[in-house]
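**Q** pasting the sequence and the predicted coordinates here, then a few questions.
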Amino acid sequence: MACLPGDVDFRRLARITRIRPLISGTSPRLSSTILTGAVKVKRLYIKSLPGHLRPGGRREAPIPSTPFIYVLRTFPELSETFILREMRALMAAGVPVLVLAASCGRRPDLAREGSENPLPPVSYLAGRRRAPVTAAGSSSGRGAAGRPAALIKVLARDLLRLGGRPRPCARALRLGLYAWRGVRLLPAGGGHLHAHFANDAAALARYLAAATGLSYSLTAHAYDLYQDPFLLVPNLAAARLVFTVSRANMKFIRGIPGGVSQARLRLLHCGLDLAQLPYRDPPPLTEGPARIVCIARLVPKKGHQVLLAAVAHLQAEGRELDLCLIGEGPEEGAIRTAVDRLGLGRQVRLAGAMGNKETLAVLSRADLCVLPARVAADGDRDGLPVVLMEAAALGVPLAVSRVGGIPELVDEDCGWTSAVDDPRAFAAAMAAALDAQPGERTARARRARARVEAEFDVAGQVEALAGVGG
C-alpha cells in the first residue's frame, strides 16, 4: 500500500479503520507513514486469524487500488449532497474515485461547497460539458477496451422488455449511446462501477459493464423504486451487489420477482460527516414565533399541503409560528396558492433552493424541523431523507409522519410523529414538540443524535463500499 496523499485527513482515517495511533503533533508525512504501517500490520494480523475470529466473521475488505467509478445521471445535484459526501469519504480513505455522469446538474456551484476537500475527476457524456473523445480513446490517450457486440445484445433485450414503446426505447437507446461514449473514458486498468439510483444511472452502469466486462453495484433510494422504476428488474438482477437506504426499501425489493437475491442485498444508510455537524442541546424556546423549518424539494411526496393545513390549525389556536420552506420544485405554484388561501402570508416564507452550508445554518437555528411526508398519487415516497439525519445530528427536535423509511430514524423515543395525510394529527405532533418541557426536548434530541452516531456515520459507508470491487 503506497503512502497516502498529503491532503488525507489522517485522524479521520484512523477512526474509519478503528486504529487510533498517537499522531497528535506529528508532521503529515510522519502521520502518513505511521498510519500506512499500522493499516498494513492490522490487515496482516487479521488475515492470519481463523475465519471465525476475524471481525464480523470474515476478513476485512482491503482498500482497492483500482478506481471506484461512480455512474450518475446528473452530477452534482443540489438535493443529492449525500453522494458527494460519500465520494469525499472514500477519497479520504485512500480509494481512487472517478465520476462518469450523463449530464451536469442545474447547480454545478454545489461542487465548490467544501472545496477545501478534494473533488474527484468528472467526465460528462452529454451536454455542453461532454468530454471530448477521439477514435484513439480519451484525451489522455487511454481508455478501456470496448465490446460492442455485448452492449448491443444487452440493449436489444431491454428494447424487447420495453415492448417497442417509443419513449422508453428512446431512453434506453440514449443511455446505450452514453455507455459507448463512456467506455473510452474509463481507465485502461479497469475499476468497479457504482450507480446511485436504480433506474437510469443503474441502466447506464449495466450497459458500461456489458461493454467492458467490469462489475457494477448500485444504491437504490426512493423515486427510482416507487415512481420511476425504469428497467428496474434487469438493473437489480445484473448487479454484483444492491445497496438501499432503508429497511422499508429492502422489504420492497425482496418482493420484486426476478430482482435480486437476499445474498446480494445490503442495507446502507446515507451517512453523515458527523465532525461537520456539532451537536447542541435544543435551546429553550424564546418569546415570539417558534422557528420551524421544512427542507425538502417541492414535490407531492414531501407533504407541503399537509404541513400548511397543520400550520393553519395551529394559527387558529393562537400560536405564533414562523415557517421557512427551503427547496424548489414543480409544486411551488400550488404551495403559494395554498399559502394565500389559508391566510398564512405572514407565517410562511418560501426561501427557494440553498446550498448545503446555508441550509445547515438555517437548520441549526430552528426550534423544530418538520416533514409530513406521504405517498404521492404516482406511488413516490421517501426512503430516508438525509435532512432528518442532519437535524437529528445537530440536536434540532423533529416532527415527522410515519411513512417509508422515516420511522427507522425518528420515532416517539427521539422525536414526535403522526399518521400520514392527517393535518390535525401533524398539527398535534408539532404542538407536542413545541410544548414539551426543555428536559424532554433535550432527552429526545440526545437519543436522536446517539441513533445517528450508531447507524448513520459516513465511515460505515466507506467500510461497506471500499471492498465491493475488490
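**A** Yep, it's here. Computed from a predicted model, the values in this text were never measured in an experiment. Numbering: from 1, shown residues only.
**Q** quick one: furthest residue from the center of this structure?
**A** Computed with CA atoms, centre = their mean, the maximum C-alpha offset from the centroid of the chain is found at G318, amounting to 38.8 Å.
**Q** for A431, see how far away it is.
**A** 11 Å (CB to CB, to the nearest Å). In this view, the C-beta of every residue, glycine as well, is placed from N, C-alpha and C.
**Q** for G460, report the pLDDT, please.
**A** pLDDT for G460: 79.
**Q** wait, I meant G114
**A** At G114, the pLDDT value in this model is 52.
**Q** same check, this time on R184
**A** pLDDT, R184: 88.
**Q** and it, its phi and psi?
**A** phi -80, psi -10 (degrees, to the nearest 10).
**Q** do you know how far it is from L236?
**A** 27 Å.
**Q** got it, and H196?
**A** Remark: distance between H196 and L236 (CB to CB) = 14 Å.
**Q** do the same with L350
**A** As for L350, its distance to L236 is 38 Å (criterion: CB to CB).
**Q** ok so, going back, neighbour count for R184 and L236, which is higher?
**A** Using other CB atoms under 10 Å as the criterion, R184 and L236 rank with L236 on top: 25 against 20.
**Q** how far away from the center of its chain is the helix or strand hosting that one?
**A** L236 is part of helix 232-238, with elements assigned from DSSP states H and E. The chain centre lies 20 Å from the centre of helix 232-238; the measure is CA atoms, centre = their mean, to the nearest Å.
**Q** give me the distance between M87 and P67.
**A** To P67, M87 is 12 Å away according to CB to CB.
**Q** more crowded one of these two?
**A** M87 (23 against 20).
**Q** tell me the SS of the nearest residue to Q227 once chain neighbours are set aside?
**A** Nearest in space to Q227, with sequence neighbours left out and distances taken as CB to CB, 6 or more residues apart in numbering, is D380 at 3.5 Å. With DSSP: H, G, I helix; E, B strand; the rest coil as the basis, D380 sits in coil.
**Q** sketch out the low-pLDDT regions of this structure for me.
**A** 1-65, 107-118, 128-129, 131-145, 469-470 (pLDDT under 70).
**Q** does V122 touch A101 like I think?
**A** Yes. With contacts counted by CB atoms under 8 Å, V122 reaches A101, the gap being 6.2 Å.
**Q** give me the more crowded residue out of the two.
**A** Taking other CB under 10 Å, V122 and A101 do not tie; A101 has more neighbours (26 against 19).
**Q** re earlier: give the next helix or strand downstream of the helix holding L236.
**A** Heading C-terminal from helix 232-238, the first helix or strand you meet, by DSSP H and E, is strand 242-244.
**Q** ok, and what's touching that next one?
**A** 198, 217-221, 225, 236, 250, 253, 260, 264-268, 383, 464-465 (CB atoms under 8 Å, 6 or more residues apart in numbering).
**Q** shared neighbours of M87 and P67, anything?
**A** V97.
**Q** residue closest to the middle of the chain?
**A** Nearest to the geometric centre of the chain sits F82, at 3.8 Å (CA atoms, centre = their mean).
**Q** mind listing the strands for the stretch 51-200 of the chain?
**A** Using DSSP state E, counting those that start in this stretch, the strands of the stretch 51-200 of the chain run over 68-74, 97-103, 122-124, 133-134, 137-138, 192-196.
**Q** other residues contacting the last one?
**A** I take that to be strand 192-196. 64, 66-72, 80, 83, 201-202, 204-205, 208-209, 214-219, 221, 465, 468-470.
**Q** not counting sequence-adjacent ones, nearest residue to A433?
**A** Closest residue to A433 apart from its sequence neighbours, by CB to CB, 6+ apart: W416 at 4.3 Å.
**Q** surely the one you found is in contact with A399?
**A** Yes. When contacts are counted by CB under 8 Å, W416 is listed as touching A399 (4.5 Å).
**Q** shared neighbours of the two, which are they?
**A** Shared contacts of W416 and A399 (CB under 8 Å, 6+ apart): A429, M430, A432, A433.
**Q** could you check how far the first one is from V306?
**A** As for A429, its distance to V306 is 11 Å (criterion: CB to CB).
**Q** so for those two, which sits in the more crowded spot?
**A** A429 (26 against 22).
**Q** enumerate every residue touching the more buried one.
**A** A399, V400, W416, T417, S418.
**Q** and if we set it to 6 Å?
**A** Going by CB atoms under 6 Å, 6 or more residues apart in numbering, A429 touches A399, W416, S418.
**Q** nearest spatial neighbour of R171, skipping sequence neighbours?
**A** Using CB to CB, 6+ apart and skipping residues adjacent in sequence, the residue nearest R171 is F230, 6.8 Å away.
**Q** now do the contacts for the residue nearest to E455 when sequence neighbours are not counted.
**A** Excluding the flanking residues, the one nearest E455 by CB to CB, 6+ apart is H269, at 5.9 Å. By CB under 6 Å, 6+ apart, H269 lies in contact with V245, E455, F456.
**Q** not counting its own residues, what contacts the helix holding L236?
**A** Here helix 232-238 has contacts from A198, A202, A203, R206, V242, G258, G259, V260, using CB under 6 Å, 6+ apart.
**Q** what about the second one, helix or strand, and which?
**A** So the one you mean is A202. helix 200-212.
**Q** now the helices for the stretch 51-200 of the chain?
**A** Secondary structure of the stretch 51-200 of the chain (DSSP state H, counting those that start in this stretch): helices at 81-92, 148-161, 166-183, 200-212.
**Q** tell me the most buried of those helices?
**A** Among the helices of the stretch 51-200 of the chain, helix 200-212 has the highest mean neighbour count (mean count of other CB atoms under 10 Å), at a mean of 27.
**Q** could you check the angle that one makes with strand 192-196?
**A** Taking axes from the mean of the first three to the mean of the last three CA atoms, to 10 degrees, one finds helix 200-212 and strand 192-196 inclined to each other by 160 degrees.
**Q** which other residues reach helix 200-212?
**A** 71-73, 144, 146-147, 150-151, 154, 175-176, 178-179, 182-183, 193, 195, 216, 218, 231, 235, 238.
**Q** please look at E331 and R297 and confirm they touch.
**A** No. Applying CB atoms under 6 Å as the test, E331 and R297 come out as separate, 8.5 Å apart.
**Q** quick one, domains of this protein?
**A** 68-268, 277-455 (automatic domain parsing).
**Q** distance between the ends of the first one?
**A** To tie it back to what came earlier, the one meant is domain 68-268. Its first and final residues considered, domain 68-268 spans 17 Å by CA to CA, to the nearest Å.
**Q** work out for me the element A377 sits within.
**A** Under DSSP H and E, no helix or strand contains A377.
**Q** tell me how many other residues crowd the nearest residue in space to it that is not next to it in sequence.
**A** Of all residues not flanking A377 in the chain, P300 sits nearest, at 6.8 Å (CB to CB, 6+ apart). The number of residues packed near P300 is 18, by other CB under 10 Å.
**Q** I'd like the distance between P300 and D413.
**A** Counting by CB to CB, the gap from P300 to D413 is 29 Å.
**Q** same check, this time on G164
**A** Distance of G164 to D413, computed by CB to CB: 52 Å.
**Q** which of those two has more neighbours?
**A** The residue with more neighbours, out of G164 and D413, is D413; 11 against 8, by other CB under 10 Å.
**Q** quick check: A351 touching G327?
**A** No. Applying CB under 6 Å, one finds A351 not in contact with G327, separated by 8.2 Å.
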